[in-house]
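1. Curious how this folds, go ahead:
(one chain, ligands or ions: 2)
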Amino acid sequence: MKKVALLFCLIVVMALSSIGFGFAKWSSALGATVNTKTGSPKLAWVNNSMIQKDWGPDWHASQGLKGFILDPEKKDVGSTSGSFADTDNDTFLDRFNVTVDNAYPFYFNEISGNITNEGTIPLIIQAPVLHWMGTDKVIDDGYVYWLGKDGHIIMPNAQQIAKPLEVDDNWVLEIRWMDNIGKQIEPGQVLEESFDLQVLESAAQKTKYTVGISVEAIQWNEIR
Ligand SMILES: [Ca+2]
Ligand SMILES: [Ca+2]
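-> Ligands and ions are numbered 1, 2, ... in the order given. Here you go, the predicted model:
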């Protein structure tokens, strides 16, 4: 009986191979991890598509990214710049690097960049990955993440968020992703990806902090 089942499996695999049914789809159907690096999915950042809330006077939010207000004196001390990079030399911009300059505690910004499907088939957008001081971390949308002086990234719990950080604590930036995880993107379609970013109490004054963001995609038929 076992032999018959194995033979059947083999026949199915061979039949699927002969009609061009890729291994990624087959392995996905079996519940295996799909390798998003292979094949043709091409989700790319759109160059010069950064939009931000801080075009002058600074904004502030409470720890945990609750609410935000314009600086009461409209002082313009901090600023944010962004650039898009092709880190793997495949001509597609896979990294959005965001740098906060002249950072100081509770400097807040809301930032977005556009992504587009450069391929020829619909894609499903995956969770973004933060790149911070050698750490690569997949993050979920709607949650606050803290980035540390030591390169660690955590998702703080409610108690941690409620307790004001001290100057000598580890965490210097907090980020919350807002959009589009699991959404389908058609070839040529452009979607805006936005996130909130804030400098925390423990950040060093007059310092630049840079975080990179990449977003991968899988083919829509790989998750069925
Ligand atoms: Ca500013
Ligand atoms: Ca690239």
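2. What segments of this protein are helices?
-> Secondary structure of the chain by DSSP state H: the helices cover 2-18, 23-29, 158-162.
3. Tell me where the model's unsure across the chain.
-> Residue ranges of the chain with pLDDT under 70: 1-40, 220, 222-224.
4. domains for it, by residue range?
-> 1-33, 34-222 (automatic domain parsing).
5. now the ones you listed in JSON lines, with distance to ligand 2?
-> All C-beta spots, glycine's among them, are computed from the backbone N, C-alpha and C. Converted to JSON lines, the domains of the chain look like this (distance: least, CB to the ion, whole Å):
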{"stretch": "domain 1-33", "distance to ligand 2": "19"}
{"stretch": "domain 34-222", "distance to ligand 2": "4"}
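6. Relative to ligand 1, which of the ones you listed is closest?
-> In terms of CB to the ion, the element of those nearest to ligand 1 is domain 34-222, at 4.3 Å.
7. my guess is Pro164 contacts Pro105, does it?
-> No: the criterion here is CB atoms under 8 Å, and Pro164 misses it with Pro105 at 10.3 Å.
8. circling back to that earlier point, single out the most deeply packed of the domains of the chain.
-> domain 34-222 (a mean of 17; mean count of other CB atoms under 10 Å).
9. Could you confirm whether it reaches ligand 1?
-> Yes: on the criterion CB under 5 Å from the ion, domain 34-222 is in touch with ligand 1 at Asp54, Asp58, Asp76, Ser79.
10. contacting residues for Tyr56?
-> Quick fix: residue 56 reads Gly, not Tyr. Taking CB atoms under 8 Å, 6 or more residues apart in numbering, we find Gly56 in contact with Lys74, Asp76.
11. That one and Leu65, how far apart?
-> Counting by CB to CB, to the nearest Å, the separation of Gly56 from Leu65 is 21 Å.
12. One more: Val211?
-> Distance of Val211 to Leu65, given as CB to CB: 15 Å.
13. Asp58 now?
-> From Asp58 over to Leu65 the distance is 15 Å, taken as CB to CB.
14. thinking again about what came up before, identify the contacts common to Pro164 and Pro105.
-> Glu201.
15. so who does the closest residue to Pro41 other than its chain neighbours touch?
-> Computed as CB to CB, 6 or more residues apart in numbering, the closest residue to Pro41 that is not its neighbour in sequence is Ala217, at 4.8 Å. Each residue near Ala217 by CB under 8 Å, 6+ apart is listed here: Thr36, Pro41, Lys42, Leu43, Asn117, Leu123, Ile124, Ile125, Gln126, Ile185.
16. out of those residues, which are inside strands?
-> Leu43, Asn117, Leu123, Ile124, Ile125, Gln126, Ile185 (DSSP state E).
17. Now distance to Asp88 too, for these, in JSON lines please.
-> Formatted as JSON lines, the ones in strands among the contacts of Ala217 follow (distance: CB to CB, whole Å):
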{"residue": "Leu43", "distance to Asp88": "13"}
{"residue": "Asn117", "distance to Asp88": "18"}
{"residue": "Leu123", "distance to Asp88": "17"}
{"residue": "Ile124", "distance to Asp88": "21"}
{"residue": "Ile125", "distance to Asp88": "19"}
{"residue": "Gln126", "distance to Asp88": "16"}
{"residue": "Ile185", "distance to Asp88": "20"}
